[in-house]
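A.B. asks: kindly generate the corresponding structure for this input.
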Amino acid sequence: MTLAILLTFALPALAVEAKDVDSDSKEENSLDVFDETSYIDSCTTTDLSDDEIMQNAIYQLQFDTSSSKMQDVVSYVLNRSEIIESMTIGDFDVSIYSTDFVSKLLYYCDNVEEVSLIDNFLYISYNTTDNKYVVMCYCASGLLDLCVYENESDTAICITRSGSLKYENVRHGQSISLSDELIDNIYSLIESGDIDVLQNTEGLQVIFDSDGNIAVEPDIAYFQEQVGGTVATRAQAPTTDAALLANLKADFPMYSAKVMSSSSKYCSYLSAYRSTYAAQDRTNYVKKSADWGSWAIGTAITVISIALGPPATVTIAILTAAGIGISTGQTILQAATLAKSAKYKFSLFVYEVVYDSTSYSKTVYPTYTSSTGEFTGGYNSSGDFTWVISDAGGTYNYSAIMDNAMANYDWHLRLYDGKCQLPQITLTY
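C.D. replies: Predicted coordinates for the structure are as follows:
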C-alpha cells in the first residue's frame with residue numbers, strides 16, 4: 001500500500017514536462033528522503049497470559065451475589081438507567097443512557113464516558129482511577145469484549161470470547177511525517193523546475209495530472225523495506241489516507257485571487273476614486289503528517305474504539321461511513337485501514353489590488369505578502385472526519401491592506417508619469 005503524502009501545486013501550463021528517468025540514475029541528484037521522514041509501522045499483537053487476563057478482568061462490571069444469577073446482563077443494567085438520546089447510525093438503532101447506575105458497578109471507576117445500546121449490545125467506556133481507559137461490550141448472556149488501554153505505554157489488553165491479545169503501540173504505532181526541511185526542499189525544487197531531481201529520489205513518487213498539478217507521494221513500501229518490514233494488503237475505505245486530500249478540499253477548497261474585502265479609495269495623483277481590494281491565494285496543500293490504523297477481519301469494535309479514541313457510538317459511525325460491515329458478534333467483516341488524523345500545510349498569498357484605468361482598465365497589484373498556515377483533520381463527535389484551520393498563517397487587517405494598495409499605486413503612478421506598469425491580476429469572488 002502507498003500512503004499518499006500529496007503535495008499539490010498549480011503550475012503554469014508549460015512550466016514542467018515529465019521526463020523518463022533511468023532507474024540507474026536514482027542515486028544522483030536526489031534528496032535524502034529516508035533520513036528526513038519519520039515512519040512508524042510498529043503496532044504488534046501477542047497472546048495474553050493467564051495472569052494478564054486475571055489482572056485486567058477486574059475492570060469489567062462487578063455484580064453482587066444475588067444479581068450474578070440473572071440471565072440478561074443488558075436488561076439488568078438498562079432497566080436501572082435513564083435513556084438520554086436515541087438515534088439511527090446506518091442500519092443500527094442507538095440509544096445513549098445515563099451513567100449513574102453503571103458507575104456503581106465499577107470498582108476502579110473515575111468517570112464514565114458513555115453508556116450506549118447499539119442494537120442489542122451494551123457498550124460502556126470509562127476512565128479508571130489508575131489512569132486507564134476501558135471499553136467493554138456486553139450481550140444478554142454477559143461480557144463479550146473487554147479492552148483496557150494504558151496511555152503511558154500505548155498498550156491495550158483486549159479480552160474477547162474468540163481470543164485475548166495484547167496490542168502494543170496501538171494508537172501511535174502507524175504514522176508518517178515529513179520534516180520541515182524536506183518539505184522546503186521539495187517546494188524549492190518544484191518552484192525552480194528541477195522535477196527530475198524529485199523523479200530521481202528513492203522513496204518519492206512524482207505524479208502529473210491533466211490539470212498541470214504535481215503530486216509528490218512518499219512510498220510506504222520503500223520505508224517498510226528500509227526498516228525491514230513487510231507490505232501489508234489492506235482494504236481501502238473512504239476515510240483512508242488516499243482520500244484525505246479530496247476530503248480536505250471539500251471543506252476548504254483552494255482558491256486564487258479571491259476577494260476578501262473591497263472599498264473605494266481616493267487617488268491623489270488622479271484626483272479620483274478607484275476601487276481597491278484585499279485578495280488572497282490559498283494553494284499548495286502539502287500533507288505534513290498522517291496517522292492511520294489497520295485492522296484484520298474479525299477485529300472487535302472495542303479494539304478499534306480503543307485505537308481511534310472515541311466511544312463506541314462514534315466508532316460505529318466511523319465504520320459505517322467508511323462502508324465497513326459489522327457482524328452480529330460486533331467485529332468487522334473486512335480488513336480495514338482508517339485515517340486517524342492528519343496535518344496539511346498550505347501557502348497563503350495576500351494581495352493589495354487596485355483597479356487601474358491608466359494603462360489596462362484592469363485590476364493590478366502593487367505588492368503582496370506570503371505565509372504558510374496549517375489544517376488539522378480528525379473525527380468529530382458524530383464520527384465525521386472534519387478539518388479546522390489550526391494555523392491561519394497570520395492576522396490581516398483588510399482595511400489597512402486596501403489603504404496600502406492605494407498609497408503604493410499612487411506612488412507608482414508618480415514614479416512612471418501616470419502610466420501603470422504593475423502586474424495585472426484577475427480577481428475571483
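A.B. asks: poorly predicted segments of the stretch 151-300 of the chain, please.
C.D. replies: Filtered on pLDDT under 70, the stretch 151-300 of the chain yields the residue ranges 207-215, 227-242.
A.B. asks: show me the helices in the stretch 151-300 of the chain, by range?
C.D. replies: 180-192, 195-199, 220-226, 244-251 (DSSP state H, counting those that start in this stretch).
A.B. asks: now those in a markdown table, with mean neighbour count and distance to L78?
C.D. replies: C-betas here are computed from N, CA, C, even on glycine. Converted to a markdown table, the helices of the stretch 151-300 of the chain look like this (neighbours: other C-beta atoms under 10 Å; distance: least, C-beta to C-beta, whole Å):
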| stretch | mean neighbour count | distance to L78 |
| --- | --- | --- |
| helix 180-192 | 15 | 51 |
| helix 195-199 | 21 | 58 |
| helix 220-226 | 17 | 44 |
| helix 244-251 | 16 | 36 |
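A.B. asks: in JSON lines: those, plus distance to V206.
C.D. replies: Shown next, in JSON lines, are these (distance: least, C-beta to C-beta, whole Å):
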{"stretch": "helix 180-192", "distance to V206": "10"}
{"stretch": "helix 195-199", "distance to V206": "5"}
{"stretch": "helix 220-226", "distance to V206": "14"}
{"stretch": "helix 244-251", "distance to V206": "16"}
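A.B. asks: which one of the ones you listed lies closest to R161?
C.D. replies: helix 220-226 (33.1 Å; C-beta to C-beta).
A.B. asks: the closest one - contacts with which helices or strands?
C.D. replies: The contact analysis (3 or more C-beta pairs under 8 Å, 6 or more residues apart in numbering; DSSP states H and E) places helix 220-226 against strand 37-41.
A.B. asks: what's the strand it packs on in contact with?
C.D. replies: 169, 172-179, 182, 203, 218, 220, 223-224, 226-227, 229 (C-beta atoms under 8 Å, 6 or more residues apart in numbering).
A.B. asks: recalculate using a threshold of 6 Å.
C.D. replies: By C-beta atoms under 6 Å, 6 or more residues apart in numbering, the residues outside strand 37-41 that reach it are Q174, S175, I176, S177, L178, F223, G229.
A.B. asks: quick check: longest helix of the chain.
C.D. replies: The residue-count maximum for a helix in the chain (DSSP state H) belongs to helix 398-415.
A.B. asks: now do it: distance to the chain's middle.
C.D. replies: Its chain's average C-alpha position is 40 Å from that of helix 398-415, according to C-alpha atoms, centre = their mean, to the nearest Å.
A.B. asks: of all the helices of the stretch 151-300 of the chain, which lies closest to S162?
C.D. replies: Short answer: helix 220-226, nearest of those by C-beta to C-beta, at 28.6 Å.
A.B. asks: for that closest one, C-alpha coordinates in PDB please.
C.D. replies: The C-alpha trace of helix 220-226 is given here as PDB (Å, rounded to 0.1, in the frame of the first residue of the first chain):
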ATOM      1  CA  ILE A 220       5.200   3.300   2.100                       C
ATOM      2  CA  ALA A 221       6.700   0.200   0.500                       C
ATOM      3  CA  TYR A 222      10.100   1.900   0.300                       C
ATOM      4  CA  PHE A 223      10.100   2.800   4.000                       C
ATOM      5  CA  GLN A 224       8.900  -0.600   5.100                       C
ATOM      6  CA  GLU A 225      11.800  -2.200   3.100                       C
ATOM      7  CA  GLN A 226      14.300   0.200   4.700                       C
END
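A.B. asks: what's the farthest-apart pair in the contacts of strand 37-41?
C.D. replies: Greatest spatial distance in these: L178 and G229, 18.8 Å, computed using C-beta to C-beta.
A.B. asks: more neighbours: which of those two?
C.D. replies: Taking other C-beta atoms under 10 Å, L178 and G229 do not tie; L178 has more neighbours (24 against 14).
A.B. asks: for S81, see how far away that one is.
C.D. replies: According to C-beta to C-beta, to the nearest Å, L178 and S81 sit 48 Å apart.
A.B. asks: and if you look at G173?
C.D. replies: 35 Å.
A.B. asks: so for the strand or helix carrying E52, mean pLDDT?
C.D. replies: Using DSSP states H and E, E52 maps to helix 50-56. Here helix 50-56 scores 92 as its mean pLDDT.
A.B. asks: can you show me the CA trace of the very next helix or strand once past that helix as PDB?
C.D. replies: Reading on from helix 50-56 to the C-terminus, the next helix or strand found by DSSP H and E is helix 73-78. Provided in PDB are the C-alpha atoms of helix 73-78 (Å, rounded to 0.1, in the frame of the first residue of the first chain):
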ATOM      1  CA  VAL A  73     -27.000  -8.500  31.800                       C
ATOM      2  CA  VAL A  74     -28.100  -5.900  29.300                       C
ATOM      3  CA  SER A  75     -31.600  -5.600  30.600                       C
ATOM      4  CA  TYR A  76     -30.400  -5.600  34.200                       C
ATOM      5  CA  VAL A  77     -28.200  -2.500  33.500                       C
ATOM      6  CA  LEU A  78     -30.600  -0.600  31.200                       C
END
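A.B. asks: state the number of residues packed around Y255.
C.D. replies: 13.
A.B. asks: which parts of stretch 105-113 are buried?
C.D. replies: L105, L106, C109, V112 (16 or more other C-beta atoms under 10 Å).
A.B. asks: let me redo that: stretch 142-160
C.D. replies: By neighbour count on 16+ other C-beta under 10 Å, the buried set for stretch 142-160 is 143-149, 154, 156-160.
A.B. asks: same check on stretch 383-393?
C.D. replies: Quick answer for stretch 383-393 (16+ other C-beta under 10 Å): G383, F385, W387, G393.
A.B. asks: ok, residues contacting that stretch?
C.D. replies: Contacts of stretch 383-393 (C-beta under 6 Å, 6+ apart): 239, 247-248, 251, 314, 317-318, 348, 371-377, 379-380.
A.B. asks: thank you, goodbye.
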